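A.B. asks: Pasting a predicted model and its sequence here:
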Amino acid sequence: MKAWIPLLLRFCLLVLLIAFLTNPLWFEPLLKPLTQNGAPAIYNQGSLLSLALLHLRTVAIATVAAMVVAVALAILVTRPVGAEFLPLSRSLVNIGQTFPPVAVLALAVPAVGFGEKPTLIALFLYGLLPIFENTLTGLTTTPANIVEAARGAGMTGWQRLLKVELPLSVPVMLAGIRLSVVISLATATIGSTVAAKTLGEVIIAGLQSNNLAFVLQGGLIVAALAVLIYDALSALERMAARRMGQVAQAA
């Protein structure tokens, strides 16, 4: 019975999130005490659902781009031809963690203008490190006996990579992607300072008008999305780990 409690709580959170995004006026009585001087309790300068979807789209685009680059770099430096580039690759993926997101946005705006592009650049740079390091760990900790068995079966280097090493690295890679997504979900809110359409609009509007209800609803939506996506990716990670464990035992 206890095992179902966390799942039930997550389901209730999902239902509440969907209800709030599609019918926010239902929750107005709960948020009204947080307003002053008759200010609106529900964000009324745009659709919360649209902002949430645009927020998720921005995070998804940046995460996919970071995955492509980080995984490619990890593959390169774990091959004999690219092993010498490991220090350089680590330096490159650490760039995003060196500068604050606001600094990245400030540097990107003169180059690409206002809107979604500066935010994508910031999220892309921030997402590289966890994906790269986890992919690198997964590829370098693949059981040697399995790799040798694949080599003995006549597989080429690329065949071993695509059919053995990468599939066995999936659980560790998913952990890096999960961390990258959660970081990006929170960081994307500051994109609204450069006119990107994210849930940061709600928070910024609340700060500008001293409306705690706006700040709270924007923050809670982002937090709910982060929890739900984190749990979904964690479940995928566990499924992949069980599957790869069975494959390793069979080998």
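C.D. replies: Happy to help now that I have it. Residues are numbered from 1 along each chain as shown.
A.B. asks: Any stretches of the stretch 101-250 of the chain with poor pLDDT?
C.D. replies: Counting by pLDDT under 70, the stretch 101-250 of the chain has low-confidence residues at 244-250.
A.B. asks: host element of residue 229?
C.D. replies: Using DSSP states H and E, residue 229 sits in helix 212-250.
A.B. asks: buried stuff in that helix?
C.D. replies: Using 16 or more other C-beta atoms under 10 Å as the test for burial, helix 212-250 gives 212-219, 221-222, 224-227, 229, 231, 233, 237, 240, 244. Bear in mind the C-beta positions are built from the backbone N, C-alpha and C, glycine included.
A.B. asks: Does it pack against any helices or strands, and if so which?
C.D. replies: Under the contact definition 3 or more C-beta pairs under 8 Å, 6 or more residues apart in numbering; DSSP states H and E, helix 212-250 sits against helix 4-22, helix 28-31, helix 48-77, helix 166-187, helix 200-209.
A.B. asks: Mean neighbour count, those: which tops it?
C.D. replies: Among these, judged by mean count of other C-beta atoms under 10 Å, the one packed with the most neighbours on average is helix 166-187 (a mean of 22).
A.B. asks: That one to helix 212-250, inter-axis angle?
C.D. replies: Angle of helix 166-187 versus helix 212-250, following axes from the mean of the first three to the mean of the last three C-alpha atoms, to 10 degrees, is 170 degrees.
A.B. asks: Please state the offset of helix 166-187 from the chain centre?
C.D. replies: Distance of helix 166-187 from the chain centroid (C-alpha atoms, centre = their mean, to the nearest Å) equals 7 Å.
A.B. asks: and that helix, what other elements does it pack with?
C.D. replies: In this structure, helix 166-187 makes packing contacts with helix 48-77, helix 116-140, helix 212-250, judged by 3+ C-beta pairs under 8 Å, 6+ apart.
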